[in-house]
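> Structure of the sequence below:
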Amino acid sequence: MKVLLIVPCYRESSRIGLFLPELCAEMDRLGDVRVMVVEDGSGADEQLKMKALLDAWQVQYHCLKSPLMLDENVGKGGAVYEGWAQAVDEEWLAFVDADGACPAREVARLIGIVRSQDSRSRAVFASRVKMLGKNVQRLLKRHLLGRVYATLVSEMLNVPVYDSQCGLKLVPRLAYEQVARSLAIRGFAFDVELMVALLKIGCPIEEVPIDWCEVAGGKVSMIRDSWRMAKDVWKIRSERGIVVG
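Residues are numbered from 1 along each chain as shown. Okay, the predicted model is just below:
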């Protein structure tokens, strides 16, 4: 079962070397995974740096394919969707954040889960749940903000999700193709809209707890982007006619 794994990047050349080689080594070990970096319009200098890194790694790792360099910044969701549009014969579409907060071994584990499923109709979303046997290292303020946002998503959109924003998700390609035209959000809340759209067509979603360790240097502003994401949740509710009662 083949997987297209997208790594969306915006100004990540300084830290992607801490994660991508390890990820590619794991994916080569698994086989039938195509890894593609989508560089989200970070500017000519940054893209040259990224391309030089990727060219060198492509020689080492069979799974790593030529990157997609976007001329303009389209947002994290836009970068993921542009990448998924490059699918050839993959049955599964996935993305993972470039910062390495989700370890490469966990990416491999979740791919193993979807490959072991009897049905290809279930999406798998990683979840940062603090529980026995799982190591989740996260700043308290970000954890609390995440809980508030997850509660907002659950209450406003009537979906019982624990962690809508974890940066590792795998979606059956057939299910994605059914909803792709309806997806309008391209910013950080894109995966909330994706989740709602998948559930609407009857595609189950399984949240899988993972190990996760926060990495410094993220591009998300707790104030600015939280406000934008909250507005996007309201937009999803309004445009999709969701009634909570």
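> In this structure residue 127 contacts residue 209, no?
Yes: contact between residue 127 and residue 209 holds when scored by Cβ atoms under 8 Å: they sit 5.4 Å apart. Bear in mind the C-beta positions are built from the backbone N, C-alpha and C, glycine included.
> Can you point out the buried residues in stretch 94-114?
Counting neighbours by 16 or more other Cβ atoms under 10 Å, one finds that the buried residues in stretch 94-114 are 94-104, 106-108, 110-111, 114.
> Equivalent analysis for stretch 170-178, please.
Of the residues in stretch 170-178, 170, 171, 172, 173, 175, 176, 178 count as buried by neighbour count, 16+ other Cβ under 10 Å.
> Next, format the residues you listed as TSV and append pLDDT and secondary structure.
Formatted as TSV, the entries for those read as follows, by pLDDT from 0 to 100; DSSP: H, G, I helix; E, B strand; the rest coil:
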residue	pLDDT	secondary structure
170	98	strand
171	97	strand
172	96	strand
173	96	helix
175	96	helix
176	98	helix
178	97	helix
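> Show the contacting residues for residue 5.
Listed by Cβ atoms under 8 Å, 6 or more residues apart in numbering, the contact set of residue 5 reads 27, 33, 34, 35, 36, 94, 95, 96, 107.
> For it, pull up the helix or strand it's in.
Element membership for residue 5, per DSSP states H and E: strand 3-9.
> who does that strand pair up with?
In the sheet containing strand 3-9, its partner strands are strand 33-39 (parallel), strand 92-96 (parallel), by DSSP bridges.
> now the strands for the protein?
3-9, 33-39, 68-69, 92-96, 123-127, 136-137, 168-172, 205-209, 212-213 (DSSP state E).
> Need those in JSON lines (columns: distance to residue 49).
Output for the strands of the chain, formatted as JSON lines (distance: least, Cβ to Cβ, whole Å):
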{"stretch": "strand 3-9", "distance to residue 49": "11"}
{"stretch": "strand 33-39", "distance to residue 49": "10"}
{"stretch": "strand 68-69", "distance to residue 49": "12"}
{"stretch": "strand 92-96", "distance to residue 49": "21"}
{"stretch": "strand 123-127", "distance to residue 49": "28"}
{"stretch": "strand 136-137", "distance to residue 49": "29"}
{"stretch": "strand 168-172", "distance to residue 49": "25"}
{"stretch": "strand 205-209", "distance to residue 49": "34"}
{"stretch": "strand 212-213", "distance to residue 49": "25"}
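> and the ones you listed, which one is worst for confidence?
Among the strands of the chain, strand 136-137 carries the lowest mean pLDDT, a mean of 64.
> so where's this protein shaky on pLDDT?
Within the chain, the stretches falling below the threshold (pLDDT under 70) are 118-120, 130-135, 137-147, 149-150, 217-226, 242-245.
> And the helices in it?
Chain-ordered helices for the chain, with DSSP state H as the definition, fall at 20-30, 44-60, 75-84, 104-116, 140-157, 173-179, 190-200, 224-239.
> To residue 216, which of these lies closest?
helix 140-157 (11.6 Å; Cβ to Cβ).
> how about the buried residues of stretch 170-178 in a markdown table, adding distance to residue 163?
As requested, the buried residues of stretch 170-178 are arranged in a markdown table below (distance: Cβ to Cβ, whole Å):
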| residue | distance to residue 163 |
| --- | --- |
| 170 | 15 |
| 171 | 16 |
| 172 | 20 |
| 173 | 23 |
| 175 | 20 |
| 176 | 20 |
| 178 | 24 |
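> Quick check: closest non-adjacent residue to residue 37.
Nearest in space to residue 37, with sequence neighbours left out and distances taken as Cβ to Cβ, 6 or more residues apart in numbering, is residue 67 at 4.2 Å.
> So the one you found is in contact with residue 40, correct?
No: no contact is recorded between residue 67 and residue 40 when judged using Cβ under 8 Å, the distance being 10.9 Å.
> What count of nearby residues applies to residue 179?
Residues near residue 179, counting by other Cβ atoms under 10 Å, number 18.
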